[in-house]
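Trainee: okay, sequence plus prediction incoming.
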Amino acid sequence: MEVIETKIKDLLIIKPKVFADTRGYFFESYNERVFRDHNINVNFLQDNQSLSHTGVLRGLHFQAPPFAQGKLVRVITGAVLDVAVDIRKDSETYGQHVSIELTEENKTMFYIPPGFAHGFLTLRDNTIFSYKCTDLYNKASEGTVLWNDPSLGITWNIKDPILSEKDLTGTPFKEFKSPF
């Protein structure tokens, strides 16, 4: 596995070593030792998976402490534009984001530690998105930052995504009070 630092501290791109031949492919989607070697000391407690069609946007979501979640995300089939926004109020990169395309072809993973709002836009029908979480889901601690807040400067390249009610009513970033 290759672990690549992004412009935001602790937000990491992970590229697995893929072994492919005429039968198909094999790769490690998680290796605790590799994570520890890169000072990513986490215990994953919950795995989630979603199916979405082209134009579905989910996010920008987070869970507040004490139920804050780190996530290791990847695409099994299809493609997404994945986005993480730094919501750690004492961070030098507060309010900044990193976006990356995750596809079934590139098999790239994105590690998003606690203290980030996360979301993705589905780029293909029948996209299966998988994520490992460092804490269990807790409805009372969930929060949503408005996906298209202009102050965040995220280029989603879509005007009218398919959104849940929760995502339609996310908190504008200027009104957002970070719990991190």
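Mentor: Everything's here; your move. Numbering: from 1, shown residues only.

Trainee: ok, residues contacting the helix or strand bottoming out on mean pLDDT in the chain?
Mentor: Lowest on mean pLDDT, DSSP states H and E among the helices and strands of the chain sits helix 32-37, with a mean of 93. Residues outside helix 32-37 that contact it (Cβ atoms under 8 Å, 6 or more residues apart in numbering) are M1, V3, E28, N41, V42. C-beta coordinates here come from the backbone N, C-alpha and C atoms, glycine included.

Trainee: buried set for it?
Mentor: With burial defined by 16 or more other Cβ atoms under 10 Å, the residues of helix 32-37 counted as buried are F35.

Trainee: and what of stretch 37-49?
Mentor: For stretch 37-49, by 16+ other Cβ under 10 Å, it's I40, V42, F44.

Trainee: what's the answer for stretch 119-133, then?
Mentor: Buried-residue list, stretch 119-133, by 16+ other Cβ under 10 Å: G119, F120, L121, T122, L123, T127, F129, S130, Y131, K132, C133.

Trainee: check which helix or strand the most centrally placed residue in the chain maps to.
Mentor: Central residue of the chain (Cα atoms, centre = their mean): H118, 4.7 Å from the mean position. Here H118 sits within strand 116-122, counting by DSSP states H and E.

Trainee: average pLDDT across the following helix or strand past that strand?
Mentor: For strand 116-122, the succeeding helix or strand toward the C-terminus, using DSSP H and E, is strand 127-133. What strand 127-133 shows for mean pLDDT is 98.
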